[in-house]
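J.: Show me the folded form of this:
(2 chains)
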Amino acid sequence: MRDTFVATLLEAAKKDRNIILMTGDLGYGVLDTFQRELPDQFINSGVNEQAMMGMAAGYASTGKRVFVYSIGNFPTLRCLEQIRNDVCLMNNPVVIVSVGAGYAYGSQGYTHHALEDIAVLRALPNMEVIVPADPAETAELTTLIIASKKPTYLRLGKSGEPTIHTTRPKPAPGKINEISPGTSGTLIFAGSVGTVAIAAANALAAQGISVAVASMPYISTIDIDYLEKALRIGPVIVIEEHSYRGGVGAAVLEAMNAANLHGAIGLIAADQNNLSQIGDQSFLRTANGINVDNIIAKFNALKVM
Amino acid sequence: MSDAVTPFTKAADLALAARHEIISMTSTAKASHVASALSVVDILSVLYTGAANISPANMGADDRDIVILSKGHSASALYSVLALQGFFPKDWLTHYCTNDAPLGGHVTSKGVPGVELSTGSLGHGLPYGLGIAMSRKKSGAKGRVFVVMSDGECDEGTTWESAMIANHHELDNLVVIIDRNKIQSLTFTEDTLRLEPFADKWIAFGWQTQTISGHDYSLLAESLSTQTGPKCIIADTTKGKGVGFMENSVLWHYKPPTADDVTKAFEQLSENY
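T.: Take a look at the predicted model:
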C-alpha cells in the first residue's frame, strides 16, 4: 500500500513541481526513488515531528502541496496541536500520510500501533480522513487527494496487502465502494482489515447467508445514502482496525444520528484493554476482537432482533 | 468602512501611538497581557515602518516579507500597529475581545488583514515561518520571514528543533527576534527554566546572533537590514516598557488596566516619550 502511494505520488510530482514530500526521517527503502528522482521536492526534516508539521503548514501556505510521511502515531499524535492550529485552522493543504495502520507493525510493540489516530484526527476542523482498503484504492485515492486542496489524513497499511477490489475501484469523495453485493446484510470496513471482512462474508456464505462487502475510505464525510439502502437489506456491521472510541464505527453512528437514520448496526473494533500484547498483525487483530467469529456473532445477534 | 489612514513612517511615532491604543484597548476589554504588548511594540513598530517589506498595498504579493508574531498573547500590540498602519479600520480596536468582533485576545488571522498566522499556543510561529522561508529558498522566491518570539517561548522544544533545521538548510531569509524581557507566565525566566547563556545557545546552533536593545529603533532597524544566514536578534526589553508601574512586574502580565491606571499610564507616556 505504501509503495503504491509513493509510486503514484512520484508520477504526479514529476508533472507538478509544487508537490513536496517531507519525512521525519522514516521511509528507508520506500522513499529512496522519490528522493533520487526529485531531490528538490524531497525534504528529510530529521526526527522532529512537531517542528516538521509546523514547517509543513508554513511550506503549504506558499502554494505548495506538502505530503508529510511517517509511521502511525508520529505524524499524528506527536504533533497534534501543530496539525490543529497550523494545518487545520489555517486551512493549509498539508497531507499527512501515516503507515502502519492499526496493528500493521505487529510485534514491534504498542508504541507503533495506531489505534486512536482516526478518532483524534477526524475531530479536527477542515480535516479529511481517508483510509484506503488496498493498493488499487490507494492509487485512486492518492490521485483524488492531489487534486483536492484540503488538509488530509491518509492512513495506510504497511506493505504486502492484497488487492481486494476485483475490478478497478472508482472511489469518489464521501462515497462507499461496494466490492461484492449481498442480499441479507452488509459488512462495511475501512482499511486493510477488509481481508477479515471478506473472510467473514465467505464464512456467512458457507452458512447460506449472503452479505455485501464494502470499503468506506472516507471517514469525515459519511455516505448516508449507501447506509440507508444497506440498512433496508439487513444488518450492517462496521469493521475497523482502530479503537471503538471515536473511530470509524463511531463516525457512522454520529452521521446516522445527524440524519435521523436508525437500523440494526454493529461495530467491530479493537478492544482497548489488551494494549501490551506481543504478536503479529493477524494475532493482534484476533486477540483484540477483530475476527471472523466476532463479526458473525454480531451479525447473527442483529439479524435476530 | 476603512478610515483614511496616513501610515507612520517613523517607528518611534508609531510605537507611541500604539502604546496608547494598547493601554486603552486592554482596559476597555478588561484583557490581560498589557505589559507583554508594551514590551514588544517597539520591535513591531520597526518592522512595520520599513524594516519589513510589508504594507496593506503588498499583502497579496508573493514576494512580500512575512511577519509572524509567535507570542500571540501580545495581540493588542500587533493589532494596534496594523490598525495604525492602515491594514484594517482603527475602530476595530475599540471592540477588542467583544462578542462577534474581529479581534480576539490572542492573534487570529481569520478575517484580520495583515495577520499571517493565528498564534496563542507558544512555539508555533518559528516552525511555520521556517516552512515559508524554506519553500522560498528552495524555489528562489524573494521575501524574508521575521518571527517575533517571547523568551519564555524558548522553553518549547520546537524552538530548538527549528533552530537546527534552519541552520542545516542555511536559511538566510529567516530572522528570529526574541522579546527578551526576562519574565514569563509565573515568574522570571531565569528562575523558571534558565535560558542563559542565551546568545551562546543560538550561536552554538549556528545562527548569526546579535544582542541589542529591543527599544532602540535605529539599532533594531540596522540589525534587521542585514543577514548572512539564519539570524537571531535577542532584543533586550523591559516588560511594560514606558509605564513605570507596569515595568518588570509579573502582575501586569495579567492585570487589565483600570480607568485610573489608564490616566496614570498616559501621563507617564507623556513624560517618557
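J.: Quick one: name the residues of the stretch 1-150 of chain B near chain A.
T.: Neighbours of chain A within the stretch 1-150 of chain B, by Cβ under 8 Å from any Cβ of the partner chain: B:62, B:109-110, B:117-119, B:121, B:123-124, B:126-136, B:138-139, B:141. Every C-beta, even on glycine, is put in place using the N, C-alpha and C of the backbone.
J.: residues near residue B:90, how many?
T.: Residues contacting residue B:90 under the criterion other Cβ atoms under 10 Å in any protein chain shown number 17.
J.: what about the strands in the stretch 101-250 of chain A?
T.: Along the stretch 101-250 of chain A, the stretches classed as strands by DSSP state E, counting those that start in this stretch are A:128-130, A:152-155, A:177-180, A:186-190, A:212-215, A:236-243.
J.: deepest of these, which one?
T.: strand A:186-190 (a mean of 29; mean count of other Cβ atoms under 10 Å in any protein chain shown).
J.: Quick check: buried residues in the helix or strand of chain B with the lowest mean pLDDT?
T.: One helix or strand of chain B scores below all others by mean pLDDT, DSSP states H and E: helix B:251-254, with a mean of 92. For helix B:251-254, burial by neighbour count (16 or more other Cβ atoms under 10 Å in any protein chain shown) applies to B:252, B:253.
J.: what residues does it touch?
T.: B:32, B:33, B:34, B:35, B:36, B:183, B:185, B:239, B:240, B:246 (Cβ atoms under 8 Å, 6 or more residues apart in numbering or on different chains).
J.: OK, contacts around the residue nearest the centre of chain A?
T.: Of all residues in chain A, the one closest to the mean position by Cα atoms, centre = their mean is residue A:131, 2.1 Å from it. Residues in contact with residue A:131 (Cβ under 8 Å, 6+ apart) are A:101, A:118, A:155, A:190, A:191, A:216, A:217, A:219, A:248.
J.: just to revisit the earlier point, spatially, which two of the contacts of helix B:251-254 are the most separated?
T.: Using Cβ to Cβ, these span at most 16.2 Å, a distance reached by B:185 and B:246.
J.: the more surrounded of the two?
T.: residue B:246 (25 against 13).
J.: Report the buried residues of the next helix or strand after the least confident helix or strand of chain B.
T.: Scanning forward in sequence from helix B:251-254 by DSSP states H and E, the next helix or strand is helix B:259-272. Using 16+ other Cβ under 10 Å as the test for burial, helix B:259-272 gives B:261, B:262, B:264, B:265, B:268, B:269.
J.: what's the answer for stretch A:156-171, then?
T.: A:156, A:157, A:158, A:161, A:164, A:165, A:169, A:171.
J.: Could you pull out the buried residues of the lengthiest helix in chain B?
T.: Using DSSP state H to define each element, chain B has its longest helix at helix B:11-29. Neighbour counts over helix B:11-29 (16+ other Cβ under 10 Å) mark B:11, B:14-19, B:21-29 as buried.
J.: what mean pLDDT would you report for that helix?
T.: In this model, helix B:11-29 has a mean pLDDT of 98.
J.: Then stretch B:171-183?
T.: Summarised as a single mean, pLDDT over stretch B:171-183 is 98.
J.: repeat for stretch A:287-300
T.: Rounded mean pLDDT across stretch A:287-300 is 97.
J.: swap in stretch A:198-209?
T.: pLDDT averaged over stretch A:198-209 gives 97.
J.: what does that stretch contact?
T.: By Cβ under 8 Å, 6+ apart, stretch A:198-209 touches A:164, A:179-180, A:182, A:184-185, A:187, A:210-213, A:237, A:239, A:292, A:295-296, A:299.
J.: Can you list the low-confidence ranges for the stretch 151-300 of chain A?
T.: Along the stretch 151-300 of chain A, segments meeting pLDDT under 70 span A:273.
J.: now with 90?
T.: A:158-160, A:271-277 (pLDDT under 90).
J.: Run a quick neighbour tally on the residue in it that chain B sits nearest to.
T.: Nearest residue of the stretch 151-300 of chain A to chain B (Cβ to the nearest Cβ) works out as residue A:151 at 14.3 Å. As a burial measure, residue A:151 scores 25 neighbours (other Cβ under 10 Å).
J.: One more: residue A:197?
T.: 28.
J.: Do a quick rundown of the helices in the stretch 101-250 of chain B.
T.: B:125-139, B:157-168, B:189-192, B:198-204, B:217-225 (DSSP state H, counting those that start in this stretch).
J.: what's the most buried one of these?
T.: helix B:125-139 (a mean of 27).
J.: What is that one packed up against?
T.: Packing partners of helix B:125-139 (3 or more Cβ pairs under 8 Å, 6 or more residues apart in numbering or on different chains; DSSP states H and E): helix A:49-60, strand B:66-69, strand B:145-150, helix B:157-168, strand B:174-180.
J.: and the angle for it with strand B:145-150?
T.: 170 degrees (axes from the mean of the first three to the mean of the last three Cα atoms, to 10 degrees).
J.: Pull out the CA atoms of helix B:125-139 and give them to me as CSV.
T.: What follows is helix B:125-139, C-alpha atoms only, in CSV (Å, rounded to 0.1, in the frame of the first residue of the first chain):
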residue,chain,number,x,y,z
GLY,B,125,5.4,30.6,14.9
LEU,B,126,9.0,29.6,14.2
PRO,B,127,8.3,26.2,12.6
TYR,B,128,5.7,27.9,10.4
GLY,B,129,7.9,30.7,9.4
LEU,B,130,10.7,28.2,8.8
GLY,B,131,8.5,26.4,6.3
ILE,B,132,7.8,29.6,4.4
ALA,B,133,11.4,30.5,4.4
MET,B,134,12.5,27.0,3.2
SER,B,135,9.9,27.0,0.4
ARG,B,136,11.0,30.4,-0.8
LYS,B,137,14.7,29.5,-0.6
LYS,B,138,14.2,26.2,-2.5
SER,B,139,12.2,27.9,-5.2
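J.: now the angle from it to helix A:49-60?
T.: 50 degrees.
J.: next one: helix B:125-139 to chain centre, how far?
T.: Centroid separation for helix B:125-139 versus its chain: 18 Å, with Cα atoms, centre = their mean, to the nearest Å.
J.: circling back to that earlier point, mind putting the helices of the stretch 101-250 of chain B in CSV, distance to residue B:175 and mean pLDDT included?
T.: Formatted as CSV, the helices of the stretch 101-250 of chain B follow (distance: least, Cβ to Cβ, whole Å; pLDDT from 0 to 100):
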stretch, distance to residue B:175, mean pLDDT
helix B:125-139, 9, 97
helix B:157-168, 10, 98
helix B:189-192, 21, 96
helix B:198-204, 12, 98
helix B:217-225, 7, 98
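J.: Columns distance to residue A:73 on top of the ones you listed, output as CSV?
T.: Shown next, in CSV, are those (distance: least, Cβ to Cβ, whole Å):
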stretch, distance to residue A:73
helix B:125-139, 19
helix B:157-168, 17
helix B:189-192, 30
helix B:198-204, 30
helix B:217-225, 40
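J.: Identify whichever of the ones you listed lies nearest to residue B:176.
T.: When the helices of the stretch 101-250 of chain B are compared by Cβ to Cβ, helix B:125-139 sits nearest residue B:176, at 6.4 Å.
J.: right, so the helices and strands packed on helix B:125-139: which one is the most enclosed?
T.: Greatest burial across the helices and strands packed on helix B:125-139, using mean count of other Cβ under 10 Å, falls to helix A:49-60, with a mean of 31.
J.: And whichever helix or strand comes after that helix, what does it pack against?
T.: Downstream of helix A:49-60, the first helix or strand assigned by DSSP H and E is strand A:65-71. Strand A:65-71 sits against strand A:19-23, helix A:49-60, strand A:94-99, with contacts defined as 3+ Cβ pairs under 8 Å, 6+ apart.
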